[in-house]
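Colleague: sequence-free structure coming up:
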C-alpha cells in the first residue's frame, strides 16, 4: 500500500475501511466509488433501495467479488481484495446471508459446531474432538438463540425465523470481529423482529456489526448510525432521523 | 550410360525429322524393318528409335508387340502376332493369311527392353489426343528416362496445346535435372520449370539432382526447394483448415442440439447421442423405402430424410421430456443418470430392431465425388455438410431470436416463475424446447449418415465431443457453440499431423480440462450475480 | 486416537455389514477349501471368484459414495482410478511371469517382445517388487486425483461441469491406453498372469486367499470411509455438499476438503482395481470406458447414496443381477433392464434401496399412512 494510505488516520483507526471501490458486471456498474469506514465496536445500519449495491458490497468485503478498483482494508492493515472467502472469514469477518443458509442435513448442534471458532485445516477437522469448553460454548449459544431443546433436530426442519436465528447463532460461534448481517428480520413476525433487534444489540456490545435491512422499524429499534446507499455509492450518512429528513434520500428511497 | 555416339545419332535423326518429316518417314521406316530382321540387339534398338521418329502408322503396335515378344521376323518379313493370335504384316498392316516359313520372335535384351519402354512413352508424346500426350508426359516425368529426351524435344516443338506443352516441358525439365551432361543453362531453366510446377513430385525431382552439380545449379535447386516447400506448407495448412472446418461443422451439428437442451434448459441429456443415431437410422429407413417403392427419387432421399429425422428425433425427445426429465428439473445430476439409462434403452432397441452391424446409407449423386481448387481436394459430401451445418445454425438462431416460441423459451430459461405468471405454459415450452434440441440432433444424424458408420453406437462416439464443444463455447450461447465447434475441429486437424489422431484428441481433451479450470463457464460466459449456481 | 477415529459413531447398520464381511472372509474360503465339492455348503471356486469380483465393485462403489454421497462430487471418472490401480497390479503380475512367457524373455513382457522393444520402459522399473507395486496402486490413482482435483476444485469447477470433465479424463485415458506405444499392452491389456507373491494365481488356495483379502480390504476401506464421514471433517464435507459457499464463509477451505476426500476415494478405487485384476485375470483399456464409470454411479444410486453400506449393497445387487441376466436367454435384454433401472431409481427411488427401506421402516413405526413407495425388490 502506498504511503498516503499508511498514514491515513481514518484508515489506521478503522476496523473496516472502503475507499473508492467500484465494480461492474458486463458494463453495469453495481458499485461506483463507494467509501465506508466502520470503527471498532461500531454497529452500522445500511439501507438503500433494491439494486443499491448492498449485497454486492458484502460480496466485496467477504471476498466473493473482487472490486475493479478501490481500497478494502480490515483492521487498518490487511488488504481484503487479495484474500479469498475462507481467509477473510478466518480473519474475523462473519456473514449472514439474505436468504437464511444453514446446513439442512446437519443437526442444529452440528451447525453450531461447524461454525465454532477453531482450526479449520483438513487434518485438525479429521481428528477433531469436541472439548468440554467447546461443548459449553455450543450450549451457551443454543441457549441464546433459544434452540437448546431442538439441538438434535435437522436444521432443514426449522421454520424460517428459527433458521435466521440459527444463522445468527452460527455467527456468534464464529466469534468474528465484524459481523455482516443481511436482512436479519426478513420474513419474521413482529415479535420475532423485536427479539432479533434485542439479540443484535446484545451482540454489538462486543462485536462490530453491519446490518443491511429494509425494515425501518427494525432500524429505529437498533438506534444506530445509518448509511444510505444509492446506485452503488453513499447517498447520506448519519442518525436515522437526520437521513430520513434528507430530501434526496426521501426522493430515491422512500419514494414520492 | 548412354553413349555419346548414340545421342549424336539421335540428334541427327531428330534434325532430319524436323527438317523433313516425310523423307524421314520413308527412309526411316524401311531401314527399320531391315534392321528388325537383322537379329542384332543394337539393330533392333536402333530400329525402334527409327520407328518412333518415323511416325509410321503401325509403329505403336510393332513396338508393343516387340516388347511382348510377339514380333516375328525372318526372310525379310516382319510380322506382328496380335494378342489373339492373328498375324499382321508389320509394314502394311494387312492380315497375313499364311505364316511365312523361317519366322522367329525378335529377341530382346535389357537394353532393347529399355528402348522399347522409352519408345512407347515417346509415342504417347506424339499421340494426336492432347489428354494422352499429357498422360504420357506425366509418365516420362516420373520415369525421367533420358532416351526419351529427343522425342520429347520434338514433341515440344510441335506442341500447340498450352497445357500439354507445360506438361511436356516439365517432363523435359525432370530429365534435364538428372542428365548431368546437359548444357548448364538448360538445367538451370529446368529448375525454374519444376519450381513453377511446385508440387510434391516436383520437390522429389528437384531433390534427385545429382550431387556433383555445379554450385550455381545447387543454389538454384535449394531456392526452388524452399519456395516449393513454403508453398506446399501453405496448401497443406489450407487443406488442414478445410478438414478442420469440416470436422467442426460435424461437431457443430452434433453439439448444437445439446447447446439447446443443456445450454438453454440446463438439462444434461446423455441420450443426445442417441437422438443423432435415431436421425441416422431414419435416413436409412427412408432410403430403404425409396429403394423398394420409388427408386427414381433416390437423389432426393436426403431431402425427405431431413424432415423425417427431425420429426422422429423430436418426437422421441418430447416423449423423454414429458415422461422422465420434467420430474427431475433442478436435479441435474439425476437427469444425467436417467438420460443415460434412456440412452442404453434406445441403443438396445435399435440393436434389436436393426441388428448390431453397420447399415449402409447411400450417397445421392450430388454428394459423391470431389473437386480440386489449387492444392485443395474438396469432397462434395463434406462441403454439403458444412453448408447444412451453417443452415441449421442460422435457422436455430432465427427461431430463438425472432419467433414467439423463441421469446417464450428465453423467458422460461431466465425466470421460470415469472414466465409462468405471465401466462406462458412453461411445461409446453419445456417439451417443445427439448423436442427442438432433439430434432436438431436428428438432423445431425442425417448428415452423419453420409460420413460415418450407421450403427447403434453412432451416438456414443459423439456425446463426449459434443459436451466438450458446449462447455468450451460457454453454456447458453449458440455463438459460443459455433466458435467452440470450429475451434476444436480446426485444432484437432492441425494437431493430427504432429501428434497423430489419438494423441491429438487426448491433447485436446486435456486442453479443455485445463481450460475449464481457467474459465469454468466457457469462452462466452455470463458474469455477475445472476449466474450464481 | 486412531481407534476412536475408526469406530466413533458406528451405527447398527455398519456393524451388521462388518460382521457379514468378516463372516464371508472366513467362511467362504474355508468352505471352498475344506468341504468336499459334493457338500451342500461347499462354495465352488468359480462362485467364490465371482463374488470376489462383486466385492471389488462394492469397494469401488464405497469409494464413489464417499465423494458423491457425502461431498456432492459426481465423478464420472472413478473407473479411471480403478483401472489405474488394476494396471499397477497387472504390471507387477506381468513382471512375475519372467521367462515363462511365450517368447521366454526374462525381462520384457510378451507384448513388448512382439513390438520389438529393446528394453523395459523406465516406468516399468520397480514393478517386480510387490511392496513397490502396492505403493503404486495407491500412489498413481491418488496422485492423478490430487493433481486433477487441485486444478478443478481450486478453480471451483462444480456440478455437471465437474462430472463432464471427469468423464473427459477417463475418456482421454481410454484413448491413451489403447495405444501400443504407451507400453501397457495396447488393446489387449495385460493378461496371462502366472504368480502372485510366488503362488499360482489360478490355484484354489490363492483364489481363496484373494477372496479373503478382498473382504479384509473392504472392511478396512469401509472403516476408513466411516471414520471420515463421522468425523468433524465428514460434517464439513456434508456442509460443502449442501451449501458450498456458506461453508466457505465459515472459513473452511472448501477446495482442500474436497481434494482430501477425492484423493482418498481415488486411492480406495485403486485398491479395488488391484484386487480385481488377479481374480479376473486380465486388465485392459476397456476398464477406462466412460460407460463403466457411469454404471458405478448407478450401483451407488440404487443402493442409496450417502450410506456407504448401501453403495456396497447396490454394487453387489446390480452385478449379481447382471450375471443372472446375461447368462441366460434374457441376455439381449440386459441393457433394457439396466437402462430402465437408471430411470426407475432416479424417478422413484432417489434414496436408493437403503434410504427407501429406512423411510418405509420409519413410516411403519409411525401411525401415518404410508404413501406408496416403489418396491426395493424391483431392483433385482
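Modeller: That came in fine, so what should we check first? Quick caveat: nothing in here was measured; it's all calculated off a predicted structure. Residues are numbered from 1 along each chain as shown, chains lettered A, B, ... in the order given.
Colleague: ranges for the strands of chain A?
Modeller: A:16-25, A:28-38, A:43-47, A:69-74, A:78-79, A:93-96, A:178-182, A:208-212, A:225-230, A:233-238 (DSSP state E).
Colleague: nearest to residue C:270, out of those?
Modeller: Residue C:270 lies closest, by C-beta to C-beta, to one member of the strands of chain A: strand A:93-96, at 39.4 Å. Backbone N, C-alpha and C define where each C-beta goes, glycine included.
Colleague: out of the strands of chain A, which one sits most buried?
Modeller: Of all the strands of chain A, strand A:93-96 has the most neighbours on average by mean count of other C-beta atoms under 10 Å in any protein chain shown, namely a mean of 26.
Colleague: that one near chain B anywhere?
Modeller: No - judged by C-beta under 8 Å from any C-beta of the partner chain, strand A:93-96 makes no contact with chain B; its nearest approach is 14.8 Å.
Colleague: how far does that strand sit from the chain's center?
Modeller: Strand A:93-96 has its C-alpha centroid displaced from the chain centroid by 5 Å (C-alpha atoms, centre = their mean, to the nearest Å).
Colleague: for residue 45, give me the pLDDT.
Modeller: No chain in the question, so chain A it is. pLDDT recorded at residue A:45 is 92.
Colleague: you looked at the wrong chain, it should be chain C
Modeller: Looking at residue C:45, its pLDDT is 90.
Colleague: list the buried ones in stretch B:196-206?
Modeller: B:197-198, B:202-203, B:205-206 (16 or more other C-beta atoms under 10 Å in any protein chain shown).
Colleague: what's the burial count for the residue lying closest to residue C:303 once chain neighbours are set aside?
Modeller: Using C-beta to C-beta, 6 or more residues apart in numbering or on different chains and skipping residues adjacent in sequence, the residue nearest residue C:303 is residue C:314, 2.5 Å away. By other C-beta atoms under 10 Å in any protein chain shown, 30 other residues sit near residue C:314.
Colleague: low pLDDT regions in the stretch 1-150 of chain B?
Modeller: Within the stretch 1-150 of chain B, the segments meeting pLDDT under 70 span B:1-28, B:55.
Colleague: closest one of the buried residues of stretch B:196-206 to chain A?
Modeller: residue B:198 (50.5 Å; C-beta to the nearest C-beta).
Colleague: tell me what the residue nearest the centre of chain B is bridged to.
Modeller: Computing the C-alpha centroid of chain B and ranking residues by C-alpha atoms, centre = their mean puts residue B:377 first, at 5.0 Å. When assigned by DSSP bridges, residue B:377 has beta-bridge partners residue B:372.
Colleague: alongside chain C, which residues does the stretch 151-256 of chain A contribute?
Modeller: For the stretch 151-256 of chain A, the contact set with chain C under C-beta under 8 Å from any C-beta comprises A:170, A:174.
Colleague: kindly apply the preceding question to the stretch 1-150 of chain A instead.
Modeller: Contact residues (C-beta under 8 Å from any C-beta) of the stretch 1-150 of chain A with chain C: A:62, A:64, A:84-86, A:89-90, A:94-95, A:97, A:101-106, A:110, A:113-115, A:120-122, A:125-130.
Colleague: select only the buried ones of the residues you listed in PyMOL?
Modeller: To isolate the buried members of the residues of the stretch 1-150 of chain A next to chain C in PyMOL, using 16+ other C-beta under 10 Å:
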select buried, chain A and resi 62+64+84+85+86+89+90+94+95+97+101+102+103+104+106+110+113+114+115+120+122+125+126+128
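Colleague: which of the residues of the stretch 1-150 of chain A next to chain C fall in helices?
Modeller: Assignment to helices by DSSP state H places the following of the residues of the stretch 1-150 of chain A next to chain C there: A:85-86, A:89-90, A:110, A:113-115, A:122, A:125-126.
Colleague: looking at those residues, which is nearest residue B:506?
Modeller: residue A:122 (32.0 Å).
Colleague: and the pLDDT at the closest one?
Modeller: Note on residue A:122: pLDDT of 91.
Colleague: for the buried residues of stretch B:196-206, which one is nearest chain C?
Modeller: Nearest to chain C among the buried residues of stretch B:196-206: residue B:203, at 29.5 Å, using C-beta to the nearest C-beta.
Colleague: just give me the neighbour total for the closest residue to the closest one other than its chain neighbours.
Modeller: Among residues not flanking residue B:203 along the chain, residue B:228 sits closest, at 5.1 Å (C-beta to C-beta, 6+ apart). Per other C-beta under 10 Å, the neighbour tally for residue B:228 reads 20.
Colleague: I'm done for today, thanks for sticking with me.
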